[in-house]
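In: Coordinates for the following, if possible.
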Amino acid sequence: MDDRAPTVAVVEDNPSMLRSIQRLLNAEGFSVEPFVSAEAFLNGDGWSRASCIVLDVHLPGMSGLELRRQLTALGSSLPVVFITAINDDAPRDAAKQLGCVAYLNKPFAPEALVAAVADALAAAKPT
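Out: Take a look at the predicted model:
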């Protein structure tokens, strides 16, 4: 039996938000791999260890939505929790079409993020 904490990749370009999410998820018992951009996520090897992704929709360079599309093209089915500071129906609809587990608007309640990550990890488990 594997007793290691599930690894949550967090892709967020705002350093204080990234730190806050990392601290919250660490306090809840998750291991966190932080990334400041979609490109850093793709170029690093952390995504191969991740059980799910907390992904900002609006990132400089490649957007979170485009990252999800690229991961799908690469054969990845990692569950995604999208987060965003912009309240707009178009990216929310696109995220849902891409199969996100949850879509949270910043500022979100810490409990909402923890619940969404738990749902994403449950979705990642083989049946």
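
In: Quick check: buried residues in the host helix or strand of Ala112?
Out: Using DSSP states H and E, Ala112 maps to helix 110-124. Across helix 110-124, burial judged by 16 or more other C-beta atoms under 10 Å covers 113-114, 116-118, 120-121, 123. For glycine as for every other residue, the C-beta is placed from the backbone atoms N, C-alpha and C.

In: Look at Tyr103 and give its secondary structure.
Out: Secondary structure, DSSP: H, G, I helix; E, B strand; the rest coil: Tyr103 is strand.

In: Surely it is in contact with Ala94?
Out: No - using C-beta atoms under 8 Å, Tyr103 makes no contact with Ala94, being 9.9 Å away.

In: Dump the buried residues of helix 110-124 to a markdown table, plus distance to Ala9 and pLDDT.
Out: As requested, the buried residues of helix 110-124 are arranged in a markdown table below (distance: C-beta to C-beta, whole Å; pLDDT from 0 to 100):
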| residue | distance to Ala9 | pLDDT |
| --- | --- | --- |
| Leu113 | 14 | 98 |
| Val114 | 16 | 98 |
| Ala116 | 14 | 98 |
| Val117 | 11 | 98 |
| Ala118 | 16 | 96 |
| Ala120 | 11 | 96 |
| Leu121 | 12 | 95 |
| Ala123 | 15 | 87 |
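
In: Make TSV from the residues you listed and add distance to Arg49 to it.
Out: Listed next are these as TSV, based on distance: C-beta to C-beta, whole Å:
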residue	distance to Arg49
Leu113	20
Val114	20
Ala116	20
Val117	15
Ala118	19
Ala120	15
Leu121	13
Ala123	17
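
In: All set, thanks.
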